[in-house]
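Give me a model of this one.
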Amino acid sequence: MAMLKGDSRTWDIVIAGGGHAGIEAALATARMGCSTLLVTMDPAAVGRMSCNPAIGGLAKGHLVREIDALGGEMGLAADQTGLQFKILNTSKGRAVWSPRAQIDKRAYSDRMASKIANQANLMVMPGEVTKIIAPGGQIRGAVIDNSEEINARAIIITCGTFMNGLIHIGDRQHRAGRMGERPAHGITESLRALGFRTGRLKTGTPPRLRRDSINWDKVTENSGDQHPRPFSFRTAQPFTPLNMPCHITHTNERVHEIIHGSLDRAPLFTGQIAGVGPRYCPSIEDKIVRFAQRNQHQIFLEPEWRDSHQIYTNGFATSLPEEIQVSAIRQIKGLERARFIRPGYAIEYDFVPPSQLKATLETKAIDGLFLAGQVNGTSGYEEAGAQGLVAGINAAAQLLELDELQLHRDQSYIGVLIDDLITKDTDEPYRMFTSRAEYRLLLRPDNADLRLSEIGLAYGLLDGRDRQRIAARQKSTRAIRTYCENTSVRINGELGEALGRIPEDRISLQQLLKNPGISLAETRHLLPKELDKWTAEDLFTAETDIKYAGYIKRQLEAARNMRQLDSAVIDHDFDINTITAMRTESREKLALVKPQTLGQASRISGVNPPDVALLSLHLKRWRVSRETSS
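Okay, the predicted model is just below:
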């Protein structure tokens, strides 16, 4: 671990928490040249995967590729520690194809710990940030373990589920940040003392089973892709990772009967749990109540590391009493003799409603204080890592007097994520979905590097080799599009059969590729050999641009219109409450969120287009009045 010169109690940036947000934040700030202190309760637990042993998934895979394109670490770590790789959603349009990988969670954590230990400008301190020191609304430092005071110019809070964490297993409760680790006390109270609103959320995890107690002959094998694609644009080719199978089984009516008959002992239904859980990743008891018409639910049996004796039962998150969990699990095909390593549990934790943040993830109330990850009400490693990277870049940029990073909705899924957090009500854990992005065709996983790597280069998170790679990618995709526009092929034989019709004797490659049943991957052997000089990745990106050119053009036009609203700044000292003609609900929402632009204002729940028009009018009048009076 790199040693730093000077007073060990004085740092540019202090980061509280060593999870996925904290890792990306710490690496970014240190790589940008800021002296960084990562404070974490257990340095051996850096990068630990608390729940599912996977990275990516629907929309989440987009986030991982964007983290990588900006110079973050998650994609590289996933490629190097993955057990199985898949592209999900391939039956749908290419904009929503999403990479996902099963991960060796031990190797992943070890790799991240090694990266942290060997990063210049970065040190790790065992401990807990228990108080934030911010006289006059400006960060000055933090208190560690209620005793040691350290100086800092900026602080990033990334505490995950640890803030006053409380675990539930039936009527048993104990305080923890996750199983076997103590919670964080003091940081919530410190934030409240500084004027922040806080709330309470809940998440859960399923039982872990012994591998040798499962009848593998009774469950269905589920393997990864035969020709997998890596997350990282920087991963060396050819990419030949492991392809360790997962397995699938299902619940049944007997399982549902046992659970339904035990709801009077389920903390989720007895009122014992006050926090709101994730809508899109519900517990098994919640599933059988909400989807009572279904007689089965899919369960994935996933290894947690290479040669793991421990199996993760994805789809069976629960906080039921342990004996009920055992009884229900043993009714599932293949799990009749299952033995538990540990039961599933729910965990409640504190969060800070993220409407109190700017688009940079700096708080509106305290200069130099940034929040990232589940503390902002999100769920998932990928959402946390994305926020940590943005918070780290902006904390360092502020100290180095560089331009701040504000990613827009038409620029990245990360931009959608952050904009949703700061403008919409967060009353349940937020999860990224492709449906949340209105410019999906612009934000595909395959073009993340073309969209975002210039930003990573500008902040020094990517190097000269990356610059050369990006330039080559840009040149190749342009050349492929030009070649397809200017080259025609004869429609006959196998190519005619693939097309399903022969509209004319010859057709340009551009027109050919606009047919939904045609792709270069499937018909490349029938096309000119000149295409072989380009990589499969560049051909895929260029082909997708050609196929959806008309839709892409319309989305670009819509994005330009939205950018005009997003560029219309709302002065921080303008009083929303002076607009008496505005509906009370809208005025209250605007006063609470304090949007920075008219674009943000337009996306606040309960604020309508007429409200935004009225806001714009009064803002102009207020500026004229202020200039006249001065």
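
looking only at pLDDT, what's the mean for stretch 417-432?
Per-residue pLDDT values over stretch 417-432 give a mean of 90.

Ok, stretch 21-38 next?
Computed over stretch 21-38, the mean pLDDT rounds to 98.

tell me which residues in that stretch are buried?
Under the neighbour-count criterion of 16 or more other Cβ atoms under 10 Å, stretch 21-38 has 21-32, 34-38 buried. C-beta here means a position set from N, CA and C on the backbone, and glycine is covered the same way.

Go through these and flag which are in helices.
21-31 (DSSP state H).

need these in TSV with distance to L209, can you?
Formatted as TSV, these follow (distance: Cβ to Cβ, whole Å):
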residue	distance to L209
A21	29
G22	30
I23	29
E24	32
A25	34
A26	34
L27	34
A28	38
T29	40
A30	39
R31	40
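
Looking at these, which is nearest I258?
Distance to I258, by Cβ to Cβ, is smallest for A21 among these, at 37.6 Å.

Any buried residues in stretch 461-469, and which?
Buried residues in stretch 461-469, counting neighbours by 16+ other Cβ under 10 Å, are found at 461-462, 466.

how about low-confidence regions in the protein?
Where the chain drops to pLDDT under 70, the residues are 1-8, 501-504.

Looking at it, which helix is longest?
In the chain, ranked by residue count with DSSP H as the criterion, the top helix is helix 464-486.

who's in contact with the following helix or strand past it?
Toward the C-terminal end, the helix or strand that comes next after helix 464-486 (DSSP states H and E) is strand 488-490. Residues outside strand 488-490 that contact it (Cβ atoms under 8 Å, 6 or more residues apart in numbering) are 495, 505-509, 512, 526-528.

So which of those are in strands?
Judged by DSSP state E, the subset of the contacts of strand 488-490 located in strands is 506-508.

Just the buried ones from the residues you listed?
Of the members of the ones in strands among the contacts of strand 488-490, the ones counted as buried by neighbours, 16+ other Cβ under 10 Å, are I507.

In TSV, list the buried residues of stretch 461-469 along with distance to I491.
What follows is the buried residues of stretch 461-469, written out as TSV (distance: Cβ to Cβ, whole Å):
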residue	distance to I491
L461	47
L462	43
D466	41
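
Give me the outermost residue of the chain relative to its centroid.
Distance from the centre of the chain peaks at D505, with 48.4 Å (Cα atoms, centre = their mean).

Next up, the contacts around the residue lying closest to Y548 once chain neighbours are set aside.
Taking Cβ to Cβ, 6 or more residues apart in numbering, and ignoring the residues beside it in sequence, Y548 has L441 as its nearest neighbour in space, at 5.3 Å. When contacts are counted by Cβ under 8 Å, 6+ apart, L441 touches 95, 548, 551-552, 555.

tell me, how many neighbours does V593 end up with?
The criterion is other Cβ atoms under 10 Å. On that basis, V593 has 25 neighbouring residues.

Alpha carbons of stretch 241-261, in PDB - could you do that?
Extracted C-alpha coordinates of stretch 241-261, given in PDB (Å, rounded to 0.1, in the frame of the first residue of the first chain):
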ATOM      1  CA  PRO A 241     -13.100 -17.300 -19.600                       C
ATOM      2  CA  LEU A 242     -14.500 -20.300 -17.600                       C
ATOM      3  CA  ASN A 243     -18.000 -21.400 -18.400                       C
ATOM      4  CA  MET A 244     -19.100 -22.900 -15.100                       C
ATOM      5  CA  PRO A 245     -22.800 -24.000 -15.200                       C
ATOM      6  CA  CYS A 246     -25.600 -22.700 -13.000                       C
ATOM      7  CA  HIS A 247     -28.800 -24.700 -12.500                       C
ATOM      8  CA  ILE A 248     -32.500 -24.000 -12.500                       C
ATOM      9  CA  THR A 249     -35.300 -25.400 -10.400                       C
ATOM     10  CA  HIS A 250     -38.700 -24.100  -9.400                       C
ATOM     11  CA  THR A 251     -40.900 -23.600  -6.400                       C
ATOM     12  CA  ASN A 252     -44.300 -25.400  -6.300                       C
ATOM     13  CA  GLU A 253     -47.700 -25.300  -4.700                       C
ATOM     14  CA  ARG A 254     -46.500 -27.100  -1.600                       C
ATOM     15  CA  VAL A 255     -43.800 -24.600  -1.100                       C
ATOM     16  CA  HIS A 256     -46.300 -21.800  -1.500                       C
ATOM     17  CA  GLU A 257     -48.700 -23.400   1.000                       C
ATOM     18  CA  ILE A 258     -45.900 -23.600   3.600                       C
ATOM     19  CA  ILE A 259     -45.000 -20.000   3.200                       C
ATOM     20  CA  HIS A 260     -48.500 -18.700   3.000                       C
ATOM     21  CA  GLY A 261     -49.400 -20.600   6.200                       C
END
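
from the chain's centre, how far out does that stretch sit?
Mean C-alpha position of stretch 241-261 versus that of the full chain (Cα atoms, centre = their mean, to the nearest Å) differs by 26 Å.

Equivalent analysis for stretch 132-140, please.
Using Cα atoms, centre = their mean, we find the averaged C-alpha position of stretch 132-140 to lie 29 Å away from the chain's own average C-alpha position.

Tell me the buried residues in it?
Under 16+ other Cβ under 10 Å, the buried positions of stretch 132-140 are 132-134, 139.

Then stretch 208-218?
Buried residues in stretch 208-218, counted by 16+ other Cβ under 10 Å: 208-209, 211, 213-214.

Closest one of those to M244?
R211 (12.2 Å).

In contact with that closest one, which residues?
When contacts are counted by Cβ under 8 Å, 6+ apart, R211 is found next to 303, 308-311.

SS state for the closest residue to A176 other than its chain neighbours?
Residue nearest to A176 in three dimensions, not counting chain neighbours: I167, with 4.9 Å by Cβ to Cβ, 6+ apart. Following DSSP: H, G, I helix; E, B strand; the rest coil, we place I167 in the strand state.

Which single one of the buried residues of stretch 208-218 is nearest to I273?
R208 (21.2 Å).

and the closest one, what are its bridge partners?
Beta-bridge pairing of R208 under DSSP bridges involves Y312, R342.

Just to check, it is in contact with Y345?
No. Counting by Cβ atoms under 8 Å, Y345 is not a contact partner of R208; they are 10.8 Å apart.

Quick check: A346 vs I284, distance?
When distance is defined by Cβ to Cβ, to the nearest Å, A346 is 11 Å away from I284.

Can you work out which residues contact both of those two?
Taking Cβ under 8 Å, 6+ apart as the contact criterion, the common neighbours of A346 and I284 are 317-318.

just to revisit the earlier point, quick one: secondary structure of the residue nearest to Y548?
Secondary structure, three-state DSSP: L441 is helix.

thinking again about what came up before, out of the contacts of R211, which are buried?
For the contacts of R211, a neighbour count by 16+ other Cβ under 10 Å gives the buried set as 303, 308, 310-311.

quick one: contacts for the residue minimising distance to the centre of the chain?
Nearest to the geometric centre of the chain sits E383, at 2.0 Å (Cα atoms, centre = their mean). With contact set as Cβ under 8 Å, 6+ apart, E383 has these partners: 60, 63, 373, 417, 430-432.

isn't there a helix covering it?
Yes. With three-state DSSP as the criterion, E383 is part of a helix.

I'd like to know how far it sits from L617.
36 Å.

from the buried ones among the contacts of R211, which is closest to R175?
Compare each of the buried ones among the contacts of R211 with R175 using Cβ to Cβ and the shortest gap goes to Q310, at 24.5 Å.

Just want the phi and psi numbers for that closest one.
Torsion angles at Q310 (phi, psi; degrees, to the nearest 10) stand at phi -110, psi 130.

from now on call the first residue 805
Will do, 805 is the new start, and the previous item becomes Q1114.

show me the contacts for it.
1012-1015, 1107-1108, 1145.

Pull the number of nearby residues for the closest residue to D1021 other than its chain neighbours.
With Cβ to Cβ, 6+ apart as the criterion, D1021 has its nearest non-adjacent residue at 7.8 Å, and that residue is G1138. Under the neighbour criterion other Cβ under 10 Å, G1138 is assigned a count of 19.
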